[in-house]
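1. Model the following, please.
(one chain, ligands or ions: 2)
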Amino acid sequence: ATTRHFKWEVEYIFWSPDCLEGVVMGINGHFPGPTIRAKAGDTIVVELHNKLHTEGVVIHWHGIRQLGTPWADGTASISQCAINPGDHFVYRFKVDKPGTYFYHGHLGMQRSAGLYGSLIVDVADGQREPFRYDGEFSLLLSDWWHQGVHEQEVGLSSSPFRWIGEAQSVLINGRGQYNCSLAAQFSNSSSSSTGQCEFTGREQCAPEILTVEPNKTYRLRIASSTSLQSLSLAIKNHAMVVVEADGNYVQPFSVDDMDIYSGDSYSVLFKTDQDPTMNYYISASVRGRKPNTTQALTILNYKPNSASDPPKLSPPVAPAWNDYAHSKAFTSKIFARVGSPAPPTSFDRRIVMLNTQNNIDGAYIKWAINNVSLILPPTPYLGAIKYKLKNVFDAANPPDDYDREYDVMNPPVNRNTTLGSGVYNIELGSTVDIILQNANALAANVSEIHPWHLHGHDFWVLGYGEGKFNEKEHERSLNFKNPPLRNTAVIFPYGWTALRFVADNPGVWAFHCHIEPHLHMGMGVVFALGVHRVGNIPREALACGVTAKMPMSNVTAT
Ligand code: C2O
Ligand code: CU
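-> Ligands and ions are numbered 1, 2, ... in the order given. The predicted structure follows:
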């Protein structure tokens, strides 16, 4: 195992992610940020310099559990203070498990601003993946708005509320095409027809082409850093065998298209066994919300064809946006690979979390969990709890359940919610079940998809169901045999999802909807566990709020 050092500068740069120029949050003058590539067991050291002029920044390493280093999790107000403009912070952590991960900003809506990149962990030297392949590619998926993120944030917290709307573009490795198409020859006259893109290949929005040799097996690593959109990925005429999800091996299964929610990562294998005299489209299309965004495309280029040979077959057609049966069918095929650790057979605590959309003061729109809409305190929880500081966040703990009489199929009768910053205190070493319960939003006949992501741990996905979870009926349907280990799991409209995890990583950890505007509107909770066991928090992580005022003797006396 080695230590890999990176020195990064975050700053706003002019960039043309979808061929239209805008401002993105770049790293070292580039968008997306650099790919980190390491081997399991390596230590990553990122010296992050904040070159933004007027705002703080942090970076979260999505899917990395931060075993023993909770202060390196990169969540503002939770694990650390935001890094001030002109200042820097050193993230030092171990990547213990091979897999496909990514990193992103975790302050306000800095992920939507373009602060993200790939993080890929290969197996340790002398180890082998449980499948073979001849080459690999990595696709980091995201969505892009022409409206700046600050305007989006203001709109979301204004009254009347201004929703951000659907993305203008879906990006593959930070590249999309807004005003031209890679498949103009197939666009029918009924849709707003855009002309064929003319690229030299050097443009910031030129697609990253996947060049392959015939009759080989390739690994495609896919991660979604989208702000909002759920995507369907497909390669024309090529089946994909899913082998990894969120850094955990899964029982291989074959699909023609797959749903990818924000926060998900996957590896798939595909064979280049189709007619090698032509190229094929790879597409990422919006699902789960009425699409208003053109599908993102790139090209699978069979050697020795020219990469600029337009594919002869049309791009893949995604399943209907609201074909949830299709999404559920995909999700229900994901099982842990044989030999993976099984979950404990019983739980110590079960927390049922009702997801609702509500109002504050009758005017502002928020998301709430058991009628608490998360608002983050100015002093990060990790330091505040470790040093037993008072009045930093709400002392009251949020509820473990909701009133089961609540009608999840209809808009809330009592629309009001309250803001809260309380934490769930979880006993270190305990087994915790979480039932995520979806419900109707404020408008009638609306219930949305929410991909929930846990920091610091992986969880087992025990099952999904329709309507209201109820112990008597649904307990028996849960899968304890081979549930997949993941860090992100979706709740479907009007449905529930059951998760189990062993709370064994001391720290303070966010658990939230990965749709960034939803998190911004309060859709998350905070777990605190075994904080007394947390080692020396670097002083730079404590340089704000009440922790900044502590005598330094307190900080060193751990
Ligand atoms: Cu990738 Cu807390 O998120
Ligand atoms: Cu959500």
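
2. what's the distance between the closest residue to Leu454 other than its chain neighbours and ligand 2?
-> Nearest non-adjacent residue to Leu454, counting by C-beta to C-beta, 6 or more residues apart in numbering: Phe511, 4.9 Å away. Where C-beta positions appear, they are placed from N, C-alpha and C, glycine not excepted. Distance from Phe511 to ligand 2, counting by C-beta to the ion, to the nearest Å: 12 Å.

3. Over to Asn370?
-> 15 Å.

4. is it true that that residue touches Arg404?
-> No: Asn370 lies out of contact with Arg404 (C-beta atoms under 8 Å); the separation is 11.6 Å.

5. Show me which of these two is the more surrounded one.
-> Neighbour tally, Asn370 and Arg404, criterion other C-beta atoms under 10 Å: the higher count belongs to Asn370, 21 against 13.

6. can you pull the contacts of the more buried one?
-> Counting by C-beta atoms under 8 Å, 6 or more residues apart in numbering, Asn370 touches Val352, Met353, Leu354, Pro398, Pro399, Asp400, Asp401, Tyr402.

7. Please check those residues and keep the buried ones.
-> Val352, Met353, Leu354, Pro398, Pro399, Tyr402 (16 or more other C-beta atoms under 10 Å).

8. in the stretch 201-350 of the chain, which spans are strands?
-> For the stretch 201-350 of the chain, applying DSSP state E, counting those that start in this stretch gives strands covering 210-212, 217-224, 230-235, 240-245, 248-255, 257-260, 265-271, 280-287, 296-302, 349-360.

9. Closest to Ser181 out of the contacts of Asn370?
-> Ranked by distance to Ser181 (C-beta to C-beta), those are led by Met353 at 41.6 Å.

10. In the sheet, which residues pair with the closest one? Tell me.
-> Leu436 (DSSP bridges).

11. Next one, pLDDT for it please.
-> The model reports Met353 with a pLDDT of 98.

12. now swap in Thr558 and tell me
-> pLDDT, Thr558: 41.

13. Stretch 523-543 and ligand 1, are they touching?
-> No: Stretch 523-543 stays clear of ligand 1 (C-beta under 6 Å from any ligand atom), getting no nearer than 7.8 Å.

14. Tell me the buried residues in that stretch?
-> Within stretch 523-543, judged by 16+ other C-beta under 10 Å, the buried ones are 523-531, 534, 537-538, 540-543.

15. Please apply the same query to stretch 445-465.
-> Buried, per 16+ other C-beta under 10 Å, within stretch 445-465: 447-465.

16. hang on, the earlier thing: can you lay out the strands of the stretch 201-350 of the chain as JSON lines showing distance to Cys81?
-> What follows is those, written out as JSON lines (distance: least, C-beta to C-beta, whole Å):
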{"stretch": "strand 210-212", "distance to Cys81": "41"}
{"stretch": "strand 217-224", "distance to Cys81": "27"}
{"stretch": "strand 230-235", "distance to Cys81": "33"}
{"stretch": "strand 240-245", "distance to Cys81": "33"}
{"stretch": "strand 248-255", "distance to Cys81": "32"}
{"stretch": "strand 257-260", "distance to Cys81": "33"}
{"stretch": "strand 265-271", "distance to Cys81": "28"}
{"stretch": "strand 280-287", "distance to Cys81": "36"}
{"stretch": "strand 296-302", "distance to Cys81": "36"}
{"stretch": "strand 349-360", "distance to Cys81": "26"}
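
17. if we compare the ones you listed, which one ends up closest to Ser112?
-> Each of the strands of the stretch 201-350 of the chain has some distance to Ser112 by C-beta to C-beta; the shortest is strand 217-224, at 13.1 Å.

18. Could you tell me the angle between the closest one and strand 230-235?
-> 170 degrees (axes from the mean of the first three to the mean of the last three C-alpha atoms, to 10 degrees).

19. Lys549: neighbouring residues, count only.
-> Lys549: 10 surrounding residues under other C-beta under 10 Å.

20. ok, now Gln147?
-> There are 14 residues near Gln147, going by other C-beta under 10 Å.

21. Am I right that it is in a strand?
-> No: applying DSSP: H, G, I helix; E, B strand; the rest coil, one finds Gln147 to be coil, outside a strand.

22. Ramachandran coordinates for it?
-> According to degrees, to the nearest 10, the main-chain angles of Gln147 amount to phi -70, psi 140.

23. what residues are up against the residue nearest to it when sequence neighbours are not counted?
-> Nearest non-adjacent residue to Gln147, counting by C-beta to C-beta, 6+ apart: Ile164, 7.1 Å away. By C-beta under 8 Å, 6+ apart, the contact set of Ile164 is Trp145, Gln147, Gln152, Gly155, Leu156, Ser227, Leu228, Pro517.

24. Got a PyMOL select line for the buried ones in the residues you listed?
-> Those of the contacts of Ile164 that count as buried under 16+ other C-beta under 10 Å are selected in PyMOL with:
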select buried, resi 145+152+155+156+227+228+517
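
25. Pick out whichever of the contacts of Ile164 sits closest to ligand 1.
-> Ligand 1 lies nearest to Ser227 out of the contacts of Ile164, by C-beta to the nearest ligand atom, at 11.1 Å.

26. Can I get the contacts of Ile164 in TSV including distance to Tyr302 and pLDDT?
-> TSV is the format used below for these (distance: C-beta to C-beta, whole Å; pLDDT from 0 to 100):
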residue	distance to Tyr302	pLDDT
Trp145	35	98
Gln147	39	98
Gln152	40	98
Gly155	45	97
Leu156	45	97
Ser227	34	98
Leu228	34	98
Pro517	40	98
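
27. Excluding chain neighbours, what is closest to Leu171?
-> Here the residue nearest Leu171, using C-beta to C-beta, 6+ apart, is Ser142, at 4.7 Å.

28. Mind pulling the model confidence for that neighbour?
-> 98.

29. Would you confirm that it contacts Ser227?
-> Yes: counting by C-beta under 8 Å, Ser227 is a contact partner of Ser142 at 7.5 Å.

30. how close does the residue in the chain that ligand 1 sits nearest to get to ligand 2?
-> Going by C-beta to the nearest ligand atom, ligand 1 is nearest to His62 of the chain, at 3.7 Å. Plainly put, His62 is 16 Å away from ligand 2 if you go by C-beta to the ion.

31. so that residue makes contact with Thr100?
-> No: the pair His62 / Thr100 is not scored as a contact, 10.4 Å apart, by C-beta under 8 Å.

32. Mind listing the shared neighbours of the two?
-> Ala223.

33. Just give the closest residue to Lys468, not the sequence neighbours.
-> Val408 (5.3 Å).

34. In space, what's closest to the residue of the stretch 251-400 of the chain found nearest ligand 2 - neighbours in sequence excluded?
-> Using C-beta to the ion, Trp367 is the residue of the stretch 251-400 of the chain that sits closest to ligand 2, at 6.5 Å. Among residues not flanking Trp367 along the chain, Met523 sits closest, at 3.6 Å (C-beta to C-beta, 6+ apart).

35. what sits against that neighbour?
-> Asn355, Trp367, Ala368, Ile369, Ser373, Leu374, His450, His512, Cys513, Ile515.

36. Helix or strand for the second one, just tell me which one.
-> Taking DSSP states H and E as the definition, one finds Trp367 inside strand 364-369.

37. Pull the distance from the next helix or strand after that strand to the chain's centre.
-> Next in sequence after strand 364-369, counting helices and strands by DSSP H and E, comes strand 372-374. Centre-to-centre, strand 372-374 and its host chain are 20 Å apart (C-alpha atoms, centre = their mean, to the nearest Å).
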